[in-house]
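Mind folding the following:
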Amino acid sequence: MRNPTEIIIENGESQPRRLPIDVEADRRRTKRKFMTKLLKVAGRLPFADDLAASYYAAMDPKTPKKAKAVLFAALGYFVVPTDALPDVIAGLGFTDDATVLATALGIVGSQIKEKHRRAARRLLGLPEPASPKED
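The predicted model follows:
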């Protein structure tokens, strides 16, 4: 059985290369930097609630390690000060962050549960969605 904290890179070589993933180091780095940046820029991000829900899913002990690795990678890209498009560029600065997050959600979005979304809305001061009307 493969180690659940490894990624296999198919790189055209005769053997695939296995890269270990240090999920714990990613968790510590994200926990230290993520909230500060999110709360600083949340008003300018239409995807702030998805970022926060991804954070809560990544921190949830019930989320599988492979999903955590993908989420921490996306969250780490958000907090890194040097990325493809610097965040200070008005109108474009967060488009690369949104693309990375959307890709991560496409891969492991099913691991983000309603409890993570509720926690994200509470953090950001967003209202709960209206319940569907009962017939």
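
the strands in the chain, which residues?
6-9, 17-20 (DSSP state E).

Where among those is average confidence lowest?
Lowest mean pLDDT within these: strand 6-9, at a mean of 49.

Could you pick out the longest helix of the chain?
Counting residues, the longest helix in the chain under DSSP state H turns out to be helix 23-41.

Could you list every helix and strand that that one packs against?
The contact analysis (3 or more CB pairs under 8 Å, 6 or more residues apart in numbering; DSSP states H and E) places helix 23-41 against helix 48-59, helix 65-79. Heads up, the C-betas are built off the backbone N, CA and C, glycines and all.

rank those helices by pLDDT, which is bottom?
helix 65-79 (a mean of 88).

With just CA atoms, put that helix into CSV.
Taking only C-alpha atoms (Å, rounded to 0.1, in the frame of the first residue of the first chain), the coordinates of helix 65-79 have been written out as CSV:
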residue,chain,number,x,y,z
LYS,A,65,-4.7,13.5,4.5
LYS,A,66,-4.6,13.7,0.7
ALA,A,67,-7.4,16.2,0.7
LYS,A,68,-5.7,18.2,3.4
ALA,A,69,-2.5,18.3,1.3
VAL,A,70,-4.4,19.7,-1.7
LEU,A,71,-6.2,22.3,0.5
PHE,A,72,-3.1,23.3,2.4
ALA,A,73,-1.3,23.8,-1.0
ALA,A,74,-4.1,26.1,-2.2
LEU,A,75,-4.2,28.0,1.1
GLY,A,76,-0.4,28.2,1.2
TYR,A,77,-0.5,29.8,-2.3
PHE,A,78,-2.9,32.4,-1.0
VAL,A,79,-0.6,33.4,1.9
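
Which positions in that helix come out as buried?
Residues of helix 65-79 classed as buried: 66-79 (neighbour count, 16 or more other CB atoms under 10 Å).
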